[in-house]
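1. Pasting the sequence and the predicted model now:
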Amino acid sequence: MTYLEIKDKYPKFIYDKYEISENDEEINITYYFEIPNLAKFTPSLKLFKKDIEINNFNRDFFNDLVFHIGLVELISYWKVAMPHEVVINAGYLDENQIKWFKKLYYNGLGEFFYQNDIHISEDDFMIITCFGKKSAYEVNYLGNGNLIPIGGGKDSIVTINLLKDYLSNSKAFIINPKEVHLECAKKSNLDSIIVNRFLDKRLIELNSEGFLNGHTPFSSLVSFVSLLSAYLANKKYIVLSNEASANEGNVVGENVNHQYSKSYEYECDFNSYVANYFKVDIKYFSLLRPLSELQIASLFAKYKEYHSTFKSCNVGSKSLPWKWCCSCPKCLFVYIILSPFLKKEELINIFGEELFAKEDLLETFLELIGKSKHKPFECVGTYEEVNYSICKTINNYEGNLPYLLDYYKNNYPLEYDDSILHCFNDENNVPLEYIDIVKRSINE
C-alpha cells in the first residue's frame with residue numbers, strides 16, 4: 001500500500017492513558033496507544049528510586065511530566081500509518097501546546113517524510129484533539145548541579161572534561177545503557193541516573209510488514225525524560241553536548257534536518273515550553289553549542305584515556321560488544337574529523353582499519369564533502385568542517401596517500417583556513433558561569 005492508502009485506512013491514533021506503578025526499588029510507567037483496527041501499543045519506561053534525591057516530590061507535576069513523555073513517545077507509533085487525527089485522552093493541552101507539538105513532530109519527522117517521498121504541509125499532516133483534564137499545581141523547586149546525558153561518543157566526553165571542576169555535584173544520565181556508556185561515566189567518576197525504555201514489539205512487527213518506518217526525533221524524548229530525571233535528582237542544569245553544526249540541514253533547499261531535535265531552535269523551544277507550562281527552574285542547554293564538530297574533535301583528541309572506549313557507530317551499536325562497523329557514514333565522518341589531530345596509527349587503533357583506504361566508501365565520502373545530492377542522514381558535521389579536515393590531513397600526511405585522500409587531491413582544491421578552529425558561536429544558551437570554560441578551551 002502507498003502511504004496515502006495506509007493513512008486513509010487507519011485515520012485515527014489514540015493516546016488513551018498512562019499508568020504508573022511502583023515498588024520499593026522502581027517506578028514503572030506504561031503508555032497506552034492505539035491505531036484502531038491495526039494495533040494497540042504499550043511501551044514503557046523504568047526509573048529507579050535510588051536516583052531520587054528530592055524529598056516529597058510533587059506528584060501532580062511528576063504525572064504531568066510523565067504525560068508529556070508520552071506525547072513524544074507516541075510519534076514512533078503514529079508514524080507507522082500516519083493517522084490524520086490524533087486523539088489525546090491522557091492529559092490536557094491548550095491550543096498553543098498543540099501547535100508546539102505539531103511543530104516538533106513535523107520538523108522532527110523531516111527525514112522520515114523525505115525518505116518515504118511524503119509531501120505534506122505542517123497544517124495538514126495531522127490534527128490533534130485533546131479530551132484530558134487540565135491539572136493545576138505549583139512547584140517549589142531549587143535545584144543544584146548538573147545532569148549530563150551520555151551518548152557514548154566523543155561529544156559528551158568533551159563536555160564532562162570541560163566541566164571537570166563541577167563534577168562533584170553532577171550525575172550522568174543514560175537511557176538504556178550499554179557498556180560504553182557506563183565505562184565513560186566510570187572513567188569520569190560520575191554516578192549515573194539510568195532510565196530503561198522498552199519499545200512495544202508490535203512496532204517492530206509492523207515495520208517488517210511494510211508499514212511506514214523511518215527516523216524520529218529521539219533527542220526530544222531525551223529532553224523530556226531528562227527533565228523528569230533532573231527534577232527527581234534535584235539538578236539545576238541539563239547539560240547537553242550538541243554542537244553548532246547540528247543546526248545544518250541534510251538536503252539543500254528542503255526542511256530536512258536529521259538532527260532537528262538537537263538544534264538550537266529546538267533547544268530554545270524546549271526551554272520556552274518548560275518556563276511557560278512547567279514553571280520550574282531547570283535549564284536545558286548544550287555546553288558545546290558555541291563550538292563546531294571540528295573544535296570538539298580537537299579537544300577530544302587530547303583525552304587519550306577515552307579513545308579505546310568511545311563509540312558513535314549506530315550500526316555497530318546493535319552488536320555486542322558495541323563496535324565501529326567501519327562501513328557507515330558515521331564511522332567515516334568521525335575518522336575524518338579526528339584525522340587532523342591524531343596520527344594514522346592512533347586512528348587505526350581506534351577503528352581497527354584504515355578507512356581512507358576503503359574504495360567502497362567513495363559514495364559516502366562524496367556525501368560528506370558536499371558533492372552529492374544530500375548529506376548522510378546521520379549526526380555528522382558541516383561540509384566546511386569535513387573539507388577542512390581532509391585538506392589539513394592531506395597536507396600533513398606522510399607517505400603515499402590512501403585511496404580517498406588521493407581521490408580528493410586529484411579532484412578538488414586543497415584550500416583550508418585554520419581560523420575555523422577559533423570560531424565561537426554566540427547563538428547559544430550556555431549560562432554565564434560556564435561560558436568562559438568553553439572560550440578557554442578553544443583559545444588553548
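-> That came through, no problem.

2. mind listing what the spatially closest residue to residue 417 that is not a sequence neighbour touches?
-> Nearest non-adjacent residue to residue 417, counting by CB to CB, 6 or more residues apart in numbering: residue 388, 7.6 Å away. In this view, the C-beta of every residue, glycine as well, is placed from N, C-alpha and C. Counting by CB atoms under 8 Å, 6 or more residues apart in numbering, residue 388 touches 294, 340, 416, 417, 420.

3. What strand or helix carries the closest residue to the second one other than its chain neighbours?
-> Spatially, and ignoring its direct neighbours in sequence, residue 340 is nearest to residue 392 (4.2 Å; CB to CB, 6+ apart). Residue 392 is part of helix 383-396 when elements are defined by DSSP states H and E.

4. Can you give me the neighbour number for residue 431?
-> 13 (other CB atoms under 10 Å).

5. That one against residue 236, yeah?
-> No - in this structure, residue 431 is not within contact of residue 236 by CB atoms under 8 Å, at 9.1 Å.

6. overlap in contacts of the two?
-> In contact with both residue 431 and residue 236: residue 283, using CB under 8 Å, 6+ apart.

7. Please tell me how far the nearest residue to residue 32 once chain neighbours are set aside sits from residue 70.
-> Excluding the flanking residues, the one nearest residue 32 by CB to CB, 6+ apart is residue 16, at 4.4 Å. Per CB to CB, to the nearest Å, residue 16 is found 10 Å from residue 70.

8. These two: which has the busier surroundings?
-> residue 70 (24 against 14).

9. Hmm, that one is touching residue 42, no?
-> No - contact criterion CB under 8 Å: residue 70 and residue 42 do not qualify, at 11.3 Å.

10. okay, and the common contacts of the two?
-> residue 31.

11. quick one: the helices in the stretch 151-300 of the chain?
-> Secondary structure of the stretch 151-300 of the chain (DSSP state H, counting those that start in this stretch): helices at 154-162, 179-187, 201-208, 218-232, 264-273, 293-300.

12. Determine which of these approaches residue 52 most closely.
-> helix 218-232 (4.7 Å; CB to CB).

13. got the angle between that closest one and helix 264-273?
-> Going by axes from the mean of the first three to the mean of the last three CA atoms, to 10 degrees, helix 218-232 is angled at 40 degrees with respect to helix 264-273.

14. Pull the residues that contact stretch 138-148.
-> Residues contacting stretch 138-148 (CB under 8 Å, 6+ apart): 54, 58, 61, 156, 159-160, 163, 166-167, 169-173, 190, 193, 226, 229-231, 233-239, 241, 278-282.

15. from the residues you listed, which would you call buried?
-> 58, 61, 156, 159-160, 163, 166-167, 170-173, 190, 193, 226, 229-231, 233-239, 241, 278, 280, 282 (16 or more other CB atoms under 10 Å).

16. show me where pLDDT drops low in this protein?
-> Applying pLDDT under 70 to the chain picks out residues 245-258.

17. mind listing the strands for it?
-> Here the chain has its strands, by DSSP state E, at 12-22, 26-35, 39-41, 44-48, 85-88, 127-130, 146-149, 170-175, 192-198, 237-240, 283-286.

18. Mind listing what's buried along stretch 384-392?
-> Neighbour-count burial for stretch 384-392 [16+ other CB under 10 Å]: 384, 385, 386, 387, 388, 389, 390, 391, 392.

19. Show the contacting residues for the residue most central in space within the chain.
-> The centre of the chain sits closest to residue 219, judged by CA atoms, centre = their mean, with a distance of 3.6 Å. Neighbour list for residue 219: 242, 259, 261, 262, 266 [criterion: CB under 8 Å, 6+ apart].

20. hang on, the earlier thing: Serialize the helices of the stretch 151-300 of the chain to a markdown table and add fields for distance to residue 99.
-> Formatted as a markdown table, these follow (distance: least, CB to CB, whole Å):
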| stretch | distance to residue 99 |
| --- | --- |
| helix 154-162 | 31 |
| helix 179-187 | 35 |
| helix 201-208 | 27 |
| helix 218-232 | 15 |
| helix 264-273 | 11 |
| helix 293-300 | 32 |
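
21. wait, doesn't residue 173 sit right on residue 159?
-> No - with contact defined as CB under 8 Å, residue 173 does not count as touching residue 159 (11.7 Å).

22. list the contacts for the closest residue to residue 126 other than its chain neighbours?
-> For residue 126, ignoring the flanking residues on the chain, the nearest one in space by CB to CB, 6+ apart is residue 86 at 5.4 Å. Going by CB under 8 Å, 6+ apart, residue 86 touches 12, 13, 14, 15, 74, 78, 126, 127, 128, 129.

23. For residue 428, give me its contacts.
-> Per CB under 8 Å, 6+ apart, neighbours of residue 428: 264, 285, 286, 289, 290.

24. and of those residues, the nearest to residue 313?
-> Using CB to CB, the contacts of residue 428 come closest to residue 313 at residue 286, 21.9 Å.

25. which among the contacts of residue 86 end up buried?
-> 12, 13, 14, 15, 74, 78, 126, 128.

26. So the fourth one is in contact with residue 92, correct?
-> No - with contact defined as CB under 8 Å, residue 15 does not reach residue 92; the gap is 12.0 Å.

27. Need the residues touching each of those two.
-> In contact with both residue 15 and residue 92: no residue, using CB under 8 Å, 6+ apart.

28. now the helices for the stretch 301-444 of the chain?
-> For the stretch 301-444 of the chain, the helices defined by DSSP H, counting those that start in this stretch cover 329-338, 344-351, 362-369, 383-396, 403-411, 432-443.

29. Same list, the contacts of residue 388, but as a markdown table with neighbour count and distance to residue 362 please.
-> Listed next are the contacts of residue 388 as a markdown table, based on neighbours: other CB atoms under 10 Å; distance: CB to CB, whole Å:
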| residue | neighbour count | distance to residue 362 |
| --- | --- | --- |
| 294 | 25 | 22 |
| 340 | 22 | 21 |
| 416 | 18 | 21 |
| 417 | 9 | 26 |
| 420 | 16 | 25 |
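
30. Can you name the two of those that sit furthest apart?
-> Distances among the contacts of residue 388 were taken as CB to CB; the most separated pair is 340 and 417, at 13.0 Å.
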